[in-house]
Structure formats: C-alpha cells, structure tokens
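> sequence first, predicted model second:
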Amino acid sequence: MNGVLLNPAYRMFDQDYILKKSEAACIYENKLIENRKSERTADSKNDRIQTYADKRLQVSVRQHKLSEGERVKIFCEWKNLTDKIMECQLELRLKTDFKFTQYVIPGVSMNGNNWGKGMEPKGLLCDGEAWVFDYRRTTIPACTISENEEKYLAFMASDENRESLEASCSMVPQPDGSMIHRLLYPCIERPKTYCTRDGYKQGHEDFLILQPGETLHTVAFVISGCPVMINFGTAGVEDAALDLLRKPFKAAYTVRETASLACDFAKRLVTEVNGRKMFSIGQLPDEKGKFENREGNEFGWCGQNGMYAKLFLKRGLEYKDSYLIDTAISNLDAWTHEAVGRTGLIHTHYHWMLSGYSDVEDTCNLGFVICELAQAWEIAYQHGIKKPDWLSAARKAADFLVSHYSSVYGFGKAWDTETGMCTDTQGTIGAYVIPGLTALWHVTKEERYLDAARVACRFYRNRDLAIFRCTAGALDTYCIDKESSAPLLVGSLALYEADGSDEWLDCAKMAGWYFCSWMFHHDTIPRQNSDFARYGYRTLGGTSVSAQHHHIDPWGALVVPQMIQLWEITGDEHWQKRASLMWANAVQNIAPKEGSVIHGLFREAGAQNEGYHHCCWGEEEAPGYINEWLVAWPQAFCWNTAVKVTDEKLK
C-alpha cells in the first residue's frame, strides 16, 4: 500500500506515548486471531492483525484490503487497561515507502500554500511544531496525501461512526524524504487555529474519555496507487472518498423550481441606477432586521449582472414577460453604452465608473463580460431582437485582451480600462477570458478567438494546473483557490466540443479533479444548537473557498453542467456523483416560495446566504454558523445551471 503503519500512539498529560509490541500483546493478538477464525470470510482471510500495548492502553489494528484496487480499511480497538478513567488523544501513523515530491491536505494546503500574499497556514510546521487540522476543515475527512511521479498514499478518516469521523490530521516530512501521515482522535487543531483571513487564535484540543476497561472502535482508510498523471494523486483519493463515504443527498428542489425561485430573488435585486435597471450585489439586514439591497453593481464575480440579465432575457422571451425582457435590455445597454472604456474594456463595477473610484478591473469580471454578452446577443438575435452593441462590446474587450496577451503572464489579473496598463500580472485568474473567447467564437465563427483560447488554455494548464495549483480567482483573497480552475474546466470542454481533441478532454479532467479537491466529500457532525443542526444544513457537496478563506459556499453549482458533460463523455460515474452532490448542496438552503426564517430574520423566496462556516472560522458560533450575506451570485449560478441540466441527470 505504498507505506507501512507505525506503532500507534496516544497523548496524556501533555506527553506523547508510543505503544510497543510486547509479549502480552502478542499473546492477546494470537487469541484474537484464533477467536475470529470462525468469523472471517473469504475476503478477510488475509487480514493482517497487529497488537500494541503499554500499562495503560492496548490497541488491536486490523488491516483489511478492499476489492477496489489499493484501498485498505483499518479497524482499531483501543482498550483502557487501567481501573481509572483515561482522558487522552489517540494517534495512528503511516509512513510512506517512497520519497514525496508533492503533498495535499484537501481544502487546506496545496503543497504548502507557497503562493500569494496571505498568512494562511504555510508548509507542514508552525514554529517547529506540526500543524494539526480538524476533520471539519478538510474536504475529505482528516485526509492527508503525499505523492511522487510513481506513487501516492493517502490516510483518511471514515464516517462509519462518530468516533471514527471526529478525527484530525497532520503530516511530518522525514529526513530520508518520506512522509509520516498522522490520523488523530478526536478533534484537534494545534499549535494554532486559523480562524479568520490571515488571523489565528489559540488552538483547540478535545479529549476522549475511556472508562476503566472500555474499548473504543475506530475505522480509517488508506488509499494508494499510481497517480493518474504527475501531481494528480488526489484524483484517485477523490474517487475513493466518493465510493467509501458518500451518503444519499436528494435535491430540495427540481431544476424548474430552482429557476423560478432564483428569478424571484433576482427581481428584488433590481434597482434603478443612472436611469438603468441594475442588479444590486446582494442584501444585508438593516437595523430593523429587514434585508435591504446593498449598493454596488458588478458585471460578474459577486454581482453577476451580466448573467442575471441574460437569464432574464431568456426567461422573459420564453414566458412572454415584458418586465424581464425590458430589465435585461436596460441592464445590458447600460454596460455596453456607458461602461466601455477608451481601450474597449468595460468598467465592470458600474458604481465605480459613476463615482470615479477606480478604472482598474479584473480579468474574472472581464471574462464574464465577453461570455455573457456573446450569449445574450445570441439569445436576442434568435428572437429577432437586434443588439449589435452587445456583440461589439464583447468583441472590443476580447480583441484588447487577445492583442495584449503575454507569453509570460497570459491575460494577467487586472487592467486599467482607460490607459490599457496591466496593473497586476499574477495568477490563474486570466483563464476566465477563455470561456468568453469560446463563446465569442461560437457566435461569430472567427477562428482567431478559438486559436487564442487554445493558446491561453495551454499556458494556464502547463504553468498552474499541471502542478495542482490555481490562483487569484477569489477576489477577496490573494491565494491558491478553487474558483480560478473553473474557467479551465468550462473552456477546455468548449474547445473539446469545437475540435474533438483529447488534449482538451484531458485538460477538463485535470481541472475537474482539481476543482473537486475543494468539494466536501462528507457531512460534518453538527454541534448541538448550532445553525447547521437547527436548520439541517449538510456540508456534503459544498465547496471550500480557498487556502485563505475557510468557509463553504455553493459555488460548485456553476460547474455542474461540466461535471455531467465529463460523465457523458468518459462514462465515469464519479463525475455524475460530483454533479449530483454539488447541486444538492447548492440548492438546499434556498428559501422556499413562502420564505424562511434564520436567526429570527425573514428571508424572502429564493434568498440564500453565501457563507457556511463549517470549521472554527469567522464567528464565535462556528463551527456550524450560517451567515447573513444574501449575495447575488449563488442564485445566478443555480439558475444558470437549472436551464442547462435535467433532474434525471442529477439523480
């Protein structure tokens, strides 16, 4: 299994004790084997049992190889040998039999988080002490992964029982180049807890209570094999986690119901600005507890004016709803008539343009500009509505970015819409231009846009995605994140549709695996009286934001169609499972037609908050806190997906 289990350990009185095999332990082990002969089935006859003990604790460790490749189930029985109550922490350790070149703690650390400007946990040590992370923080429970070109090994908790799931993880690199993977019980974070962006507080440590003579049963998994490609050992671990941990999760709404609710919410975001119908960036409660629109109008990212306008237009034409059509046209005319800068780039923050706050815009928003305007133009054109300015604005933005593409930094991160200066060259965020280019090619059939998309996709794939690291797309952070991989997934599948090359299918799978390393593969156990317990929120299928921001959001809704597409192309049902889980998670907390009440505040139909604080993050009420920020983008993403997929494919 690409590694060997080391002697178990435990901690009491702030001291660690490593258990050893003793004569008494060997006698116990022989009796255990003899007693279980009659219980053992054909698939367990080769199970390996080892027993360790000292004067306080005895541990029986049974390794059972599962039929699905290199997967081993670890059964442990921890027995208190004393006549006193033991208050302790338990630990299993696993050492690789290879030298690692890469490591991942899913949702927490991508090879040490050595990119960006933040102060999120870096490396594997903090002030010389190994980082320990609670299972609620990791997207695969208490999971650690190390790998090289030929081998990978992962150690993870099981959700078979509470004692097994409430675990923690740690990794310790060794002088010989190997890695020790640690699985600890119960929930522990030390030496500090990362509790807010770039901020820490004192670590937290829970302890197990073993009564005299009591035996505790835990289960864990070891996953190993050969990486599907260099730096992608995590892909195999994700598949295993889906197979071994996944619980049923039925979507709260049909796609039709979701679209209707999202539309209801978006209508309440509509506000008049400069004589135009614009969508507010979101809602917050006022001093009386009523949710009110917050000032600010953004084309993409959080505000999603372009996507909402496109969806209003599509639905308005379908249902002959003049309000939706007129709102969409007013909105998109505002962006294409008033917000185009001297360079051809668009001021994607309409309120910034009006106030003169800034002319600098990011390539995430600019990518949405090209994509949404091209798609909206096509919808209008198909219904006899002539809107050449929409397509012209998409072209101008694309032409500027293509003509300023750099072989060193791609499309960059931020540009001055008036001077044409690239003000920030960093990150994978420039990949957001790729889906825009493929959308523009789709409506114009101009090969230059497709050629530019190919060049950019290869650049970001080779520089960033190939080392399992995408960056700078989550604009409220500056770090390794999940969001910046989404345009590579969307764009590469669009390229695959255009020319059928396996190069793009492989790139899409890479982006999909990377993105899903940020997806929760398990449900955390909600604390009593927490929001998660009170309102029934499930973490399974949610996506952690980034290395710098540790909370769950429903962002995965946007790429559900691409997950289904990968399933249909490859036949690999893991992609369908991911789509189903991300969708169920994303729609679970949308307020129904009659509205809902959270924290005593009424949320109208279709509303949903952005942040779900699954670990010790952000608020004193966490883990298990639901925030009040009813931002625009979640319902835009859910609605955008609802018009592309069917309930049948999400089962």
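Okay, I see it.
> mind listing the strands for the stretch 251-400 of the chain?
270-273, 276-279, 282-285, 291-293, 360-362 (DSSP state E, counting those that start in this stretch).
> in CSV, list those strands along with distance to Tyr319.
Backbone N, C-alpha and C define where each C-beta goes, glycine included. Shown next, in CSV, are the strands of the stretch 251-400 of the chain (distance: least, Cβ to Cβ, whole Å):
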stretch, distance to Tyr319
strand 270-273, 17
strand 276-279, 18
strand 282-285, 25
strand 291-293, 24
strand 360-362, 33
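> out of those, nearest to Val643?
Set against Val643 and scored by Cβ to Cβ, the strands of the stretch 251-400 of the chain come closest in strand 276-279, at 17.5 Å.
> in which helix or strand does the closest residue in space to Leu66 that isn't next to it in sequence reside?
Leaving aside its sequence neighbours, Leu66 sits nearest to Lys73 (Cβ to Cβ, 6 or more residues apart in numbering; 5.9 Å). Assigned by DSSP states H and E, Lys73 falls within strand 71-80.
> equivalent analysis for Gly203, please.
Short version, using DSSP H and E: Gly203 is in strand 199-205.
> name every strand pairing with that strand and say which way it goes.
Strand 199-205 pairs in its sheet with strand 188-196 (antiparallel), by DSSP bridges.
> how far does the strand it pairs with sit from its chain's centre?
How far strand 188-196 lies from its chain's middle: 20 Å, per Cα atoms, centre = their mean, to the nearest Å.
> before we move on, back to that, angle of whichever helix or strand comes after the strand holding Lys73 against strand 188-196?
Downstream of strand 71-80, the next assigned helix or strand under DSSP H and E is strand 86-96. Here strand 86-96 runs at an angle of 80 degrees relative to strand 188-196 (axes from the mean of the first three to the mean of the last three Cα atoms, to 10 degrees).
> next, the buried residues of strand 86-96.
Within strand 86-96, the residues that count as buried by 16 or more other Cβ atoms under 10 Å are Met86, Cys88, Gln89, Leu90, Glu91, Leu92, Arg93, Leu94, Lys95, Thr96.
> hey, what's the last one bridged with?
If I follow you right, that is Thr96. With DSSP bridges as the rule, Thr96 is bridged to Gly3.
> correct me, but it touches Leu5?
No. The pair Thr96 / Leu5 is not scored as a contact, 11.5 Å apart, by Cβ atoms under 8 Å.
> the helix ranked longest in the chain - contacts with which helices or strands?
Secondary structure of the chain per DSSP state H: the longest helix is helix 363-382. For helix 363-382, the elements it packs on are helix 305-319, helix 322-333, helix 388-403, strand 414-416, helix 433-444, judged by 3 or more Cβ pairs under 8 Å, 6 or more residues apart in numbering; DSSP states H and E.
> rewinding a little: need the buried residues of strand 86-96 in TSV with pLDDT and distance to Cys195, can you?
Below are these laid out as TSV (pLDDT from 0 to 100; distance: Cβ to Cβ, whole Å):
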residue	pLDDT	distance to Cys195
Met86	97	30
Cys88	98	26
Gln89	98	21
Leu90	98	25
Glu91	98	24
Leu92	98	27
Arg93	97	27
Leu94	97	29
Lys95	98	31
Thr96	98	31
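> count of neighbours near the nearest residue to Gly118 once chain neighbours are set aside?
Once flanking residues are discounted, Gly118 sits nearest to Gln548: 4.1 Å by Cβ to Cβ, 6+ apart. Residue neighbour count, defined by other Cβ atoms under 10 Å, stands at 22 for Gln548.
> ok now do Gln548, which residues does it touch?
Counting by Cβ atoms under 8 Å, 6 or more residues apart in numbering, Gln548 touches Gly116, Gly118, Glu120, Arg197, Asp198, Ala474, Thr477, Tyr478, Cys479, Asp481.
> wait, the fifth one touches Pro121, no?
No. Using Cβ under 8 Å as the test, Asp198 is too far from Pro121 to be in contact (10.8 Å).
> of these two, who's got more company?
Taking neighbours as other Cβ under 10 Å, Asp198 and Pro121 compare with Pro121 leading, 23 against 12.
> against Lys577, how distant is the more buried one?
Distance of Pro121 to Lys577, given as Cβ to Cβ, to the nearest Å: 29 Å.
> Tyr308 too?
Counting by Cβ to Cβ, the gap from Tyr308 to Lys577 is 30 Å.
> in three-state terms, label Tyr52 for me.
strand (DSSP: H, G, I helix; E, B strand; the rest coil).
> one step back: among the strands of the stretch 251-400 of the chain, which comes closest to His64?
Between His64 and the strands of the stretch 251-400 of the chain, the tightest spacing by Cβ to Cβ is seen for strand 282-285, at 49.4 Å.
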